[in-house]
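Participant: dropping a prediction and its sequence here:
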Amino acid sequence: MTIYFTQDHEWIAVDGGVGTVGITDYAQGQLGDITFVDLPDVGATLRKGDAPCVVDSVKAASDVYSPVSGTVAEVNAALEEAPELVNEQPEEGGWLFRLTLTDTAELDGLMDRAAYDTFVGAL
Amino acid sequence: MNSTESYAPDDAGELPAEPLILPLDAWHRARGARMVEFAGYVMPVQYEGIMAEHLWTRAHAGLFDVSHMGQLTVRGPEGDMAEAAVSLEALLPGDISALKPGRQRYSLLLAEDGGILDDLMITNRGDHYYVVVNGATKWDDIAHLREFLPDSITLNHLDEHALLALQGPDAAAALTALVPAAGRLRFMQSAVIEWDGVELGISRSGYTGEDGFEISVPETAVAALADALAALPQVKPVGLGARDSLRLEAGLPLYGHDLTPDTDPVSAGLAFAISKRRREQGGFLGAAAVQQALTGGTATVRVGLALEGRMAAREGAAVLAAGERTGTVTSGGFSPSLDRPVAMAYVGAAHAEPGSQLTIEVRGKQLAATVTPMPFIPHRYFR
């Protein structure tokens, strides 16, 4: 499994042709207390850069962009009852949705963890 | 990920190009505040987190820095309070002449067409009136007041004074530990009281629905006062984020959002700020429009909405009745105390009764919402 990051603070962990998408620890810290996650529909077709998911915090609603193109294979149903998982475990239990990738070549434009940490460190 | 922050500066006034720094800037940063631009100032939006700060304020006492707000004094010639009151009454719909020394009142600045230019608190300080206006509108307010007040009236901007708010059920216990005489104040009463050699202008009021105080303090002394308050076990610093969620639960409108020049006091549910005498006699800017609205009613009314589910509706969301557009959300968010989303909206008068079933359109979804009396959380003022 390889994890990639976007400049918009999403992560995607890819295993075979399936990617799990979430927001980074930095992103959840910026958003603050998350109160609701509006998840995409399973089966929805996404293009890279689409905003299929919205994370609501006390202070703001934030779009989550799809890091790559694909079809939504699964969403994290646990977030319906416990949206705070995105705050508590952003890269684990707080994942948002799984995607069957259309084109793995799109991953080439994303950052690895070291590059993302450098990116965030400069913000 | 991309956020739509709720704390963008209001477009209600002309803002300086560069955000201004307030006296407690370093104080906030030293306590881990996240600083954002608001109303032309760099201000703390949160410290440990909006939810925790909100709930702390409802249970104990939150310390807010609201030094961006405009603090003004209005003086008649040689301290003539009657002349100052009469002059202010040409602009404000409140009964300023009847406001006794040491008493505070909520009032409004109105335009000729009855539109709301700002909302404010006015206090009779014995030899002058002390007025607190919104930060984003204060420059326009000063220009407006200066334009309409006679030359015999002296208007001063206390721009070397900071303003703190201490809010919550433990606010009185905390403040009286430092300033015992503050304990004699009741809701909407005010006094100038010395603390540590400094004159504090203390009023028992606020913007959270809780008991509490607002404290005007010279900026040279504000860090010492903030330190002394924050050192008390009941007190934690609270940012703008929780200030917004607290006032929303308390049903209190926010200028630039729930109140604008396109809203009037009657549709905004602020007719209580227009005294009986002023309604009958008029004689204030916007009086004709307000009297018309009081007798004829208004097309829209500001209401509270309790939403089904957990998705929040934010400012600008469309409100529908039986599929037809009837209004717009002006403030909305998640209520930490109620653990559900709530909103304020202007809706058609026919749909403003408590219990009315409406829907709010958010990102293509129709959220069920019920018109609910405000405040959403009961006020707990010390009367």
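Facilitator: Cool, the structure landed. Predicted model, so just to flag it, every value in this text is computed and none were measured. Numbers count the residues shown, from 1 in each chain, chains lettered A, B, ... in the order given.
Participant: just list whatever residues bridge to B:Leu110.
Facilitator: With DSSP bridges as the criterion, B:Leu110 is bridged to B:Ile116.
Participant: how many other residues sit next to the residue nearest to B:Gly62 when sequence neighbours are not counted?
Facilitator: Leaving aside its sequence neighbours, B:Gly62 sits nearest to B:Val238 (CB to CB, 6 or more residues apart in numbering or on different chains; 3.4 Å). C-beta coordinates here come from the backbone N, C-alpha and C atoms, glycine included. Number of residues near B:Val238 (other CB atoms under 10 Å in any protein chain shown) recorded here: 29.
Participant: could you give the number of residues near the residue lying closest to B:Pro261 once chain neighbours are set aside?
Facilitator: Ranked by CB to CB, 6+ apart and with sequence neighbours excluded, the top spatial neighbour of B:Pro261 is B:Gly115, at 3.9 Å. Neighbour count for B:Gly115, taken as other CB under 10 Å: 17.
Participant: where's B:Val290, which helix or strand?
Facilitator: Assigned by DSSP states H and E, B:Val290 belongs to helix B:287-296.
Participant: helices or strands up against that helix?
Facilitator: Packing partners of helix B:287-296 (3 or more CB pairs under 8 Å, 6 or more residues apart in numbering or on different chains; DSSP states H and E): helix B:276-281.
Participant: scan chain A for its longest helix.
Facilitator: Counting by DSSP state H, the longest helix found in chain A is helix A:113-121.
Participant: related to what we said a few turns ago, contacting residues around the residue nearest to B:Pro261?
Facilitator: When contacts are counted by CB atoms under 8 Å, 6 or more residues apart in numbering or on different chains, B:Gly115 touches B:260-264, B:286.
Participant: same question for B:Leu270.
Facilitator: Contacts of B:Leu270 by CB under 8 Å, 6+ apart are B:106, B:108, B:116, B:119, B:253, B:259.
Participant: surely the third one and B:Ala268 touch.
Facilitator: Translated: B:Ile116. Yes - if you go by CB atoms under 8 Å, B:Ile116 and B:Ala268 touch, sitting 6.7 Å apart.
Participant: okay, and the common contacts of these two?
Facilitator: Counting by CB under 8 Å, 6+ apart, the residues touching both B:Ile116 and B:Ala268 are B:Leu259.
Participant: wasn't B:Leu232 part of a helix?
Facilitator: No - residue state for B:Leu232 (DSSP: H, G, I helix; E, B strand; the rest coil) corresponds to coil; a helix is not indicated.
Participant: what's the neighbour count on it?
Facilitator: By the criterion of other CB under 10 Å, B:Leu232 has 18 neighbours.
Participant: any idea how far chain A is from B:Thr330?
Facilitator: B:Thr330 is 16 Å from chain A, where distance means CB to the nearest CB, to the nearest Å.
Participant: for that residue, report the pLDDT, please.
Facilitator: pLDDT, B:Thr330: 98.
Participant: so it is in which element?
Facilitator: strand B:324-335.
Participant: direction included, what does the helix or strand that that strand is followed by pair against?
Facilitator: Proceeding N to C from strand B:324-335, the next assigned helix or strand is strand B:340-348, under DSSP H and E. Using DSSP bridges, strand B:340-348 pairs in its sheet with strand B:300-307 (antiparallel), strand B:324-335 (antiparallel).
Participant: average model confidence for the shortest one?
Facilitator: Spelled out, that is strand B:300-307. The pLDDT scores in strand B:300-307 average 98.
Participant: can I get the helix holding B:Val290 as CSV, trimmed to CA atoms?
Facilitator: Output of helix B:287-296 as CSV, limited to C-alpha atoms (Å, rounded to 0.1, in the frame of the first residue of the first chain):
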residue,chain,number,x,y,z
ALA,B,287,-39.3,56.7,11.7
ALA,B,288,-41.9,56.8,8.9
ALA,B,289,-40.7,53.4,7.5
VAL,B,290,-40.6,51.8,11.0
GLN,B,291,-44.1,53.1,11.9
GLN,B,292,-45.4,51.8,8.6
ALA,B,293,-43.9,48.4,9.3
LEU,B,294,-45.2,48.3,12.9
THR,B,295,-48.8,48.9,11.8
GLY,B,296,-48.8,47.2,8.4
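Participant: quick one: residues in contact with that helix.
Facilitator: B:93, B:110, B:112-114, B:264-267, B:271, B:274, B:278-279, B:282.
Participant: tell me which of those residues is nearest to A:Phe5?
Facilitator: Nearest to A:Phe5, judged by CB to CB, of these is B:Ser267 at 48.3 Å.
Participant: what residues does the stretch 151-300 of chain B put near chain A?
Facilitator: Proximity of the stretch 151-300 of chain B to chain A, by CB under 8 Å from any CB of the partner chain, involves residues B:241, B:244-245.
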